[in-house]
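Colleague: Structure, please.
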Amino acid sequence: MALSKDLDELVQAQVISQQTADEITAYYASKKEASSSSLFVIFGVLGAILVGLGIILIIAHNWDHLSRLQKTILAFVPLVSAQGFCAFSLIRKRNNQRWVESSAAFLFFSLAAAIAMIGQIYNIPGDLPAFLMTWMLLSLPMIYIMKSSMLSMLYLIGITGYGAETGYSSQDASEWYYWAMLLGALPHYYLLLRKHPKGYFTHIHHWLIALSLTTMLGTVAHSHEELMFIAYCSLFGLFYAIGHFSLFQSVGTLANGYKPIGALGTLIILLILSFEEFWSHLSQPRWQLPDVLSSPEFLVSILITLATTWVLSLRIRKVGLPRILPMEWVFLLFIPTYMVGFFSSISVLIINLIILTLGILTVRRGAREAHLGLLNYGLIIVTMLIVSRFFDDQIPFVWRGILFVLVGIGFFIANYWMLKKRKENV
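Modeller: Presented below is the predicted three-dimensional model:
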């Protein structure tokens, strides 16, 4: 209503033409319609899940009183019903996203219920990883048959659960199946990037894939776990660089899962390594060079570092060296610093200097661009470093208190100066 009134006023004042006003109205109407449609899809999926769970609970209430044949029939009732809804969606409601996503989610959970109930009825032996793997493999084709992004998201969560269950508790080949199953979901993700780069489901996929890879990278560690710090720092550097691609320039932070995960992950690693106690527990490794070179930790660290270096080189060619952010260089500085730390305590000092430099440069960038968020982000980095040093026994309490007071004063002064500068520029 306010927009329409403002546009009428601008048209009467001959600031814009009536055609321009109509185009602006149509644009915002389409955005509102897209937002409403997405909400309907989400509520439709939630409704389908609740209906499926309700049916399962009703069946479970009378389960002990049923014969084996009755149990078998009831085990397939939700699955057959879900398949019927999916068939109806494909034939009659192909262009209705609410129908497609809701029926696909219903099928996904009905499939799990059928597998679990049949296993219980006929006492089929199995464990959680086997159940998850069967469930995910049967669900994978439905992502492409239904063209369902909701099903793809649920699949990513499912394979991450499977990978974590096998990767952190076993040492057999089954832990590598996750990576093969992840490849199965990537074509759908690629289609989302091409056709719906600003869609809600695409934004959620960014977060899920980044979180899934972060969770599963740790399963690679076996005999040379110390090298995984390099692998993780390079992975977070890769995420941060990807988050600055042109694809993400016109979307907000919440729609760009790669950049916040990359930045937060890098800072967490640096803060962990900023404690001298960490390095005291990390004794000088007695590695045999052939074993190191053939270890999965070394190979993964090399591959991820090379990939991150390549992506960084693409960024440099596109935007120029001066526009590369300090956080994007951290993974390259981290590798020699970490390796030196096995033999010298100077790495602790270097890590602390890296964190402090990141904070100061971010504050400087925020001040230069008059960006209050960046300014406070840089101050938060410095504060995190000081909080970490608060637990350092080698620093007296008086100095810790002085540091906190100074940072608090810095927050007030920086924000006051920025707000004052903004008012002057208005």
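Colleague: name the element residue 126 belongs to?
Modeller: Assigned by DSSP states H and E, residue 126 falls within no helix or strand.
Colleague: ditto for the one 3 residues further on
Modeller: Using DSSP H and E, residue 129 sits within helix 128-146.
Colleague: Equivalent analysis for residue 181, please.
Modeller: In the assignment (DSSP H and E), residue 181 maps to helix 177-195.
Colleague: Give me the helices and strands touching that helix, please.
Modeller: helix 128-146, helix 149-167, helix 200-217 (3 or more Cβ pairs under 8 Å, 6 or more residues apart in numbering; DSSP states H and E). For the C-beta atoms, the positions are set from N, CA and C on the backbone; glycine is no exception.
Colleague: tell me which strands and helices the last one is in contact with?
Modeller: Same thing as helix 200-217. helix 149-167, helix 177-195, helix 228-242, helix 258-273.
Colleague: Report the mean confidence score over it.
Modeller: On average, the pLDDT along helix 200-217 is 92.
Colleague: Please apply the same query to stretch 116-128.
Modeller: 81.
Colleague: Return the backbone torsion pair for residue 303.
Modeller: Main-chain dihedrals, residue 303, degrees, to the nearest 10: phi -60, psi -50.
Colleague: Check it and give its pLDDT.
Modeller: Confidence at residue 303, expressed as pLDDT, is 95.
Colleague: looking at it, residue 374 is touching residue 362, isn't it?
Modeller: Yes: Residue 374 lies in contact with residue 362 (Cβ atoms under 8 Å); the separation is 6.1 Å.
Colleague: Which one's more surrounded, these two?
Modeller: Under the criterion of other Cβ atoms under 10 Å, the comparison of residue 374 against residue 362 puts residue 362 first, with 24 against 18.
Colleague: can you tell me which residues contact the more buried one?
Modeller: When the contact criterion is Cβ atoms under 8 Å, 6 or more residues apart in numbering, the partners of residue 362 are 326, 374, 375, 377, 378, 381.
Colleague: And the buried ones among those, selectable in ChimeraX?
Modeller: Buried residues within the contacts of residue 362, by 16 or more other Cβ atoms under 10 Å, are selected in ChimeraX with:
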select :326,374,375,377,378,381
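Colleague: so which pair among the contacts of residue 362 is furthest apart in space?
Modeller: Taking Cβ to Cβ as the measure, the contacts of residue 362 span a maximum distance of 15.1 Å, between 326 and 375.
Colleague: returning to that earlier point: can you pull the buried residues of the helix holding residue 181?
Modeller: Across helix 177-195, burial judged by 16+ other Cβ under 10 Å covers 177, 178, 181, 182, 184, 185, 188, 189, 192.
Colleague: Now it: average pLDDT?
Modeller: Averaged across helix 177-195, the pLDDT comes to 92.
Colleague: Identify the residues contacting it?
Modeller: For helix 177-195, contacts defined as Cβ under 8 Å, 6+ apart pick out 133, 136-137, 140, 143-144, 147, 149, 152, 155-156, 159-160, 162-163, 166-167, 199, 201-202, 205, 209, 212, 216, 219, 247.
Colleague: what's the answer for stretch 120-140, then?
Modeller: Applying Cβ under 8 Å, 6+ apart, the contact partners of stretch 120-140 are 68, 71-72, 75, 108, 111-112, 115-116, 118-119, 151, 154-155, 158-159, 161-162, 165-166, 174, 177, 181, 184-185.
Colleague: Please tell me how far residue 247 sits from residue 311.
Modeller: Distance, residue 247 to residue 311, using Cβ to Cβ, to the nearest Å: 13 Å.
Colleague: Neighbour count for the two, which is higher?
Modeller: A direct count of neighbours by other Cβ under 10 Å for residue 247 and residue 311 places residue 311 higher, at 19 against 16.
Colleague: which phi and psi does the more buried one have?
Modeller: Phi and psi for residue 311, reported as degrees, to the nearest 10, are phi -60, psi -40.
Colleague: in this structure, which residue is closest to the centre?
Modeller: residue 207 (2.5 Å; Cα atoms, centre = their mean).
Colleague: From the opening residue of stretch 330-350 to its closing one, how far?
Modeller: End-to-end distance for stretch 330-350, by Cα to Cα, to the nearest Å: 12 Å.
Colleague: Just say which of the helices and strands packed on helix 177-195 is most tucked in.
Modeller: Highest mean neighbour count among these (mean count of other Cβ atoms under 10 Å): helix 149-167, with a mean of 23.
Colleague: Can you name every helix or strand that that one contacts?
Modeller: If you count contacts as 3+ Cβ pairs under 8 Å, 6+ apart, helix 149-167 packs onto helix 97-121, helix 128-146, helix 177-195, helix 200-217.
Colleague: Tell me which of those sits nearest to residue 340.
Modeller: helix 200-217 (23.4 Å).
Colleague: For the closest one, which outside residues touch it?
Modeller: With Cβ under 8 Å, 6+ apart as the test, helix 200-217 has contacts from 38, 149-150, 152-153, 156-157, 159-160, 163-164, 167, 178-179, 182, 189, 192-193, 196, 228, 231-232, 235-236, 239, 251, 254-258, 261-262, 265, 300.
Colleague: continuing past the worst-scoring helix or strand of the chain on mean pLDDT, what's the next helix or strand?
Modeller: Counting by mean pLDDT, DSSP states H and E, the chain has its least confident helix or strand at helix 18-61, which shows a mean of 58. Where DSSP H and E defines the elements, the next helix or strand beyond helix 18-61 is helix 68-92.
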